[in-house]
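Asks: Give me the fold of what follows.
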Amino acid sequence: MSLVQAKQLPSFALGFFSDFKHGKASKAPWEEQALVHESFILLAPMPIDGGFTGTMLAENEVAGQVIEVQHMGQTWVIQVPDFKDYVKAENSIEIDVVRPPEPVPPGS
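Replies: A predicted model of the protein is given here:
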């Protein structure tokens, strides 16, 4: 719901809106609650060795692709798992980080 309120929910994910509309909005900023791309979302990302785990919503156009996502105000490069469906929704999926964001220099 935080993504909807912040107008950050990609249009492809509107079909899943009814599954989440009854959830309570978190007090945490949306940037902490998802990795976001126009064709990919990872909800409730939890760091794991070499990546994240969470609930993935993605369009087929990014299946198996390396993409840039926004998370915590930074750009991460990740590998989207390959899948054949037009749109994929999967819980507890692991996402590999290809390149973490550049470190922020001290005093910036």
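
Asks: So which residues of the protein form strands?
Replies: 34-37, 40-48, 51-59, 66-71, 74-79, 87-99 (DSSP state E).

Asks: any chance of those strands in JSON lines, plus mean neighbour count and mean pLDDT?
Replies: C-betas here are computed from N, CA, C, even on glycine. What follows is those, written out as JSON lines (neighbours: other Cβ atoms under 10 Å; pLDDT from 0 to 100):
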{"stretch": "strand 34-37", "mean neighbour count": "22", "mean pLDDT": "88"}
{"stretch": "strand 40-48", "mean neighbour count": "18", "mean pLDDT": "93"}
{"stretch": "strand 51-59", "mean neighbour count": "21", "mean pLDDT": "94"}
{"stretch": "strand 66-71", "mean neighbour count": "17", "mean pLDDT": "94"}
{"stretch": "strand 74-79", "mean neighbour count": "16", "mean pLDDT": "95"}
{"stretch": "strand 87-99", "mean neighbour count": "15", "mean pLDDT": "94"}
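
Asks: Identify the residues contacting stretch 67-77?
Replies: 31-32, 34-37, 39-40, 42, 45, 66, 78, 80, 97-101 (Cβ atoms under 8 Å, 6 or more residues apart in numbering).

Asks: Revised request: answer the last question for stretch 92-101.
Replies: Outside stretch 92-101, the residues that reach it (Cβ under 8 Å, 6+ apart) are 35, 42, 45, 48, 50-56, 66, 74-81.
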